[in-house]
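Colleague: one predicted model, sequence on top.
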Amino acid sequence: MKIIQSAFLNFEQKETVFKLWNSEYPEGICYSEILEFEYYLRTLSNICHYLLINDKNQILGWAFTFIREDQKWFAIILNSKIHSQGYGTLLLDELKRKNSFLNGWVIDHSKEVKQNKETYNSPITFYIKNGFIINRDIRIENDKISAVKIMWKRQ
């Protein structure tokens, strides 16, 4: 596996990460059309993409960082077929190498389902294991998502 960093995604890459987003994230935050997904990406400032690519040149993971309210934020998505093999940590370590501070939202419960109706497994223990602090006092609660804020700072 290799990680490719880019400021932009070409159409094929965008289409792949759109499908990855919709297959791995809870259905409440999925996009029905790629145009909606592209609009979301255009609303982000200073975006940087990190693509996890296998030896067949397939995208199996995607992370991105961006600026929101003068803070660095991130998100990561991995194909569930490669979970628990160290690739999430590999991708996260690349983000940590390139940034000194990261914020994110993480679903911290098992009430969400993916579009295929499988339970969405919270990755909160993954982030704790990788040095993130959970701020249970800061939550996002709306009709699409219920999540807690996580933070990481280089020591």
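Modeller: Arrived safely, thanks for sending.

Colleague: pull the CA atoms of the one helix or strand residue 134 maps to into CSV?
Modeller: Taking DSSP states H and E as the criterion, residue 134 maps to strand 133-141. What follows is strand 133-141, C-alpha atoms only, in CSV (Å, rounded to 0.1, in the frame of the first residue of the first chain):
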residue,chain,number,x,y,z
ILE,A,133,-8.4,12.8,23.3
ILE,A,134,-12.2,12.5,23.4
ASN,A,135,-14.0,15.7,24.4
ARG,A,136,-17.3,14.3,25.5
ASP,A,137,-18.5,17.9,26.3
ILE,A,138,-18.5,18.8,22.7
ARG,A,139,-21.0,16.9,20.5
ILE,A,140,-22.7,17.4,17.2
GLU,A,141,-26.3,16.3,17.4
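
Colleague: partners of whatever helix or strand comes next after that strand, with directions?
Modeller: Tracing the chain past strand 133-141, the next element assigned as helix or strand by DSSP H and E is strand 146-153. Using DSSP bridges, the strands paired with strand 146-153 are strand 101-106 (antiparallel), strand 133-141 (antiparallel).

Colleague: okay, the residue lying closest to residue 149 once chain neighbours are set aside: pLDDT?
Modeller: Distances taken as CB to CB, 6 or more residues apart in numbering place residue 138 nearest to residue 149, at 4.0 Å, with adjacent residues excluded. C-beta here means a position set from N, CA and C on the backbone, and glycine is covered the same way. What the model reports as pLDDT for residue 138 is 94.

Colleague: residue 111 now?
Modeller: pLDDT, residue 111: 88.

Colleague: residues near it, how many?
Modeller: By other CB atoms under 10 Å, the residues close to residue 111 number 10.

Colleague: ok, residue 50 next?
Modeller: For residue 50, the tally of surrounding residues (other CB under 10 Å) stands at 20.

Colleague: who does residue 64 bridge with?
Modeller: Beta-bridge partners, per DSSP bridges, of residue 64: residue 49, residue 75.

Colleague: burial count for it?
Modeller: Look at residue 64: counted by other CB under 10 Å, it has 20 neighbours.

Colleague: hey, where'd the strands end up in this structure?
Modeller: Here the chain has its strands, by DSSP state E, at 2-6, 45-53, 59-68, 71-78, 101-106, 133-141, 146-153.
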